[in-house]
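**Student:** Structure, please.
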Amino acid sequence: MAKGQEQKKSDEVQSLHELQPNAAGVDIGAREIYVAVPAGRSTKSVRRFLTFTDDLHEAARWLKDCGIESIAMESTGVYWIPVFQILDDYGFEVILVNARHVKNVPGRKTDVKDCQWLQHLHSVGLLRGSFRPDQDVCVVRSLLRHRDNLVKAAASHVQHIHKSLTQMNLQIHNVISDITGVTGMAIMDAIIAGERNPEKLAECRDPRIKADKQTIVKSLTGDYRLEHLFTLKQALQTWRHYQQMLRECDVEIENHLKEFDSRIDPNEPPLPPPKKNQRKHKGNGPDFDIRAHMYRILGTDLTQIDGVSSLTANVIFTEIGPDLSDFQNAGRFCSWLGLCPNNNISGGKILSSHTRPGSNRAAAALRLCANSLWNSKSYLGDYFRRMRARQGAPKAITATAHKLARIIYHLIKNKTAFNASVFVEEENKHQQRLKKCLINQAKSLGIQLIPAWS
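**Tutor:** Numbering: from 1, shown residues only. Next up, the predicted model:
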């Protein structure tokens, strides 16, 4: 066979393995990106573009000229966001790839080889795109994450307030539970205004404060210094500035939530009353009724689940979206959350089954919910305590979070209300297993158990 015929046959065989012939790969950087297209589409199969907006538009037009339909890129920090948005506006199918799945680049590692490797893997169908909710959900998600950063920043200034008070030996923050409450703010405003008499400062005490007036007077007898008063004033002003920013952020979030379609008529059936043991969020909680919005958008009230709050429901919505149609079943949903065993099997032997490391915000919220079930008298609380006694706290938190994820998946997908009675059968099975275990233990010790009759 001639050399030219062999080359032609080799090209035909290679094309049979290409599931996506019109695929491109993009290596993301802070200042520049490298774009690779299939050979023969342009004079250069790899081009370098700067990350300025005009250059990104030029890259998109070049990809159009090359006949590209689908593009793969790594989700590198936040640098991928403007590239993704511009390419998406041009009509490309853009997928984000987990960097762990494409790190096995053969040979020397360069930006050029990275983008070529991405293009090759994507063309033969070896890359899976990461889940990303719709753009309108991403807007709320960005605002919520920004709000979390504001809360953390405000908390740091509360620590600065505590430090300034401690340096002046004012122990009021050790007497009242919340220095940023009504009593604490009134006292600090009076101190900054020039008041130093502990008796008069104690008159700012709210009647709901449990500490008596005499204790508050003793805590307000301190060593006032100008430098510490200055730092206290600035810390207090900064904290109030962040509180104003939080209120503005809440208004923006609520305005976007109002634009989402309702998956259920909030009047039929109406929003069920909150659970008796469910505390109302104070302090850093939003200023609007987020529970009603989540009920309308998700089609079910997730707060009826033990341990799940309205803030948790909001985190789940912003990270996943109003429906779970992208996940075929509850198992895949839990796998995406990272709450399933990540089996590492080689030669028929399980090398590891630990859950994979990750920073999924929805999974972190569910873990917090699971940990809060320690004192719950429900079936979920019993399950958590049983797992904790058997396997320890970390595994118990993960197992309970996995169970919560399955419940949430069922409620959102089917738009059904939470019904605790479905766990009665599971509880009966557990009681039967426990009874059988006790009988077997007693029998092994030569003891016969006699049931007590009421």
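**Student:** Go through stretch 95-113 and flag the buried ones.
**Tutor:** By 16 or more other Cβ atoms under 10 Å, the buried positions in stretch 95-113 come out as 95-97, 102, 113. Every residue, glycine included, has its C-beta placed from N, CA and C.
**Student:** what about the helices in the stretch 251-400 of the chain?
**Tutor:** Secondary structure of the stretch 251-400 of the chain (DSSP state H, counting those that start in this stretch): helices at 290-298, 310-320, 330-337, 361-371, 379-391, 393-414.
**Student:** Return the set of buried residues in the longest one.
**Tutor:** By that I understand helix 393-414. Within helix 393-414, the residues scored as buried using 16+ other Cβ under 10 Å are 396-413.
**Student:** Ok, the shortest one next?
**Tutor:** Within helix 330-337, the residues scored as buried using 16+ other Cβ under 10 Å are 330, 333-337.
**Student:** Any chance of a markdown table for those, columns pLDDT and distance to Met387?
**Tutor:** Supplementary listing: the buried residues of helix 330-337 in a markdown table, determined by pLDDT from 0 to 100; distance: Cβ to Cβ, whole Å:
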| residue | pLDDT | distance to Met387 |
| --- | --- | --- |
| Ala330 | 92 | 19 |
| Phe333 | 93 | 20 |
| Cys334 | 91 | 16 |
| Ser335 | 90 | 20 |
| Trp336 | 91 | 22 |
| Leu337 | 92 | 18 |
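**Student:** out of the residues you listed, who's nearest Gly347?
**Tutor:** The nearest member of the buried residues of helix 330-337 to Gly347, counting by Cβ to Cβ, is Ser335 at 23.6 Å.
**Student:** so what's Glu93 closest to, chain neighbours aside?
**Tutor:** Nearest-residue entry for Glu93: Ser70, 4.3 Å, with adjacent residues in sequence omitted and distances by Cβ to Cβ, 6 or more residues apart in numbering.
**Student:** This protein - how does it break down into domains?
**Tutor:** Residue ranges for the domains of the chain, per automatic domain parsing: 18-123, 136-257, 290-417.
**Student:** Now the ones you listed in JSON lines, please, with extra columns for distance to Gly129.
**Tutor:** Below are these laid out as JSON lines (distance: least, Cβ to Cβ, whole Å):
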{"stretch": "domain 18-123", "distance to Gly129": "3"}
{"stretch": "domain 136-257", "distance to Gly129": "15"}
{"stretch": "domain 290-417", "distance to Gly129": "11"}
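**Student:** Not counting its neighbours along the chain, what's nearest the residue nearest the centre of the chain?
**Tutor:** Geometric centre of the chain, nearest residue: Arg361, 1.5 Å, by Cα atoms, centre = their mean. Counting by Cβ to Cβ, 6+ apart, Arg361 lies nearest to Glu319, which is 5.3 Å off, once chain neighbours are set aside.
**Student:** Enumerate every residue touching that neighbour.
**Tutor:** Applying Cβ atoms under 8 Å, 6 or more residues apart in numbering to Glu319 gives the contacts 133, 141, 360-362.
**Student:** are any of the residues you listed buried, and which?
**Tutor:** Buried by 16+ other Cβ under 10 Å: 133, 141, 361-362, out of the contacts of Glu319.
**Student:** Could you identify the most distant pair in these?
**Tutor:** Pro133 and Arg361 (12.1 Å).
**Student:** immediately after the worst-scoring helix or strand of the chain on mean pLDDT, which helix or strand?
**Tutor:** Least confident helix or strand of the chain, by mean pLDDT, DSSP states H and E, is helix 3-16 with a mean of 46. Downstream of helix 3-16, the first helix or strand assigned by DSSP states H and E is strand 23-27.
**Student:** Tell me the strands beside that next one, with direction?
**Tutor:** Looking at strand 23-27 with DSSP bridges, its partner strands are strand 32-36 (antiparallel), strand 70-74 (parallel).
**Student:** Comparing those strands, which comes out most buried?
**Tutor:** Neighbour counts (mean count of other Cβ atoms under 10 Å) averaged over each of those peak at strand 70-74, with a mean of 24.
**Student:** what comes up buried for stretch 75-83?
**Tutor:** 75-76, 79-80, 83.
**Student:** out of those residues, which are inside helices?
**Tutor:** The helices, defined by DSSP state H, take in 80, 83 from the buried residues of stretch 75-83.
**Student:** Neighbours of Thr267, how many?
**Tutor:** Rather than Thr, residue 267 is Asn. 7 (other Cβ atoms under 10 Å).
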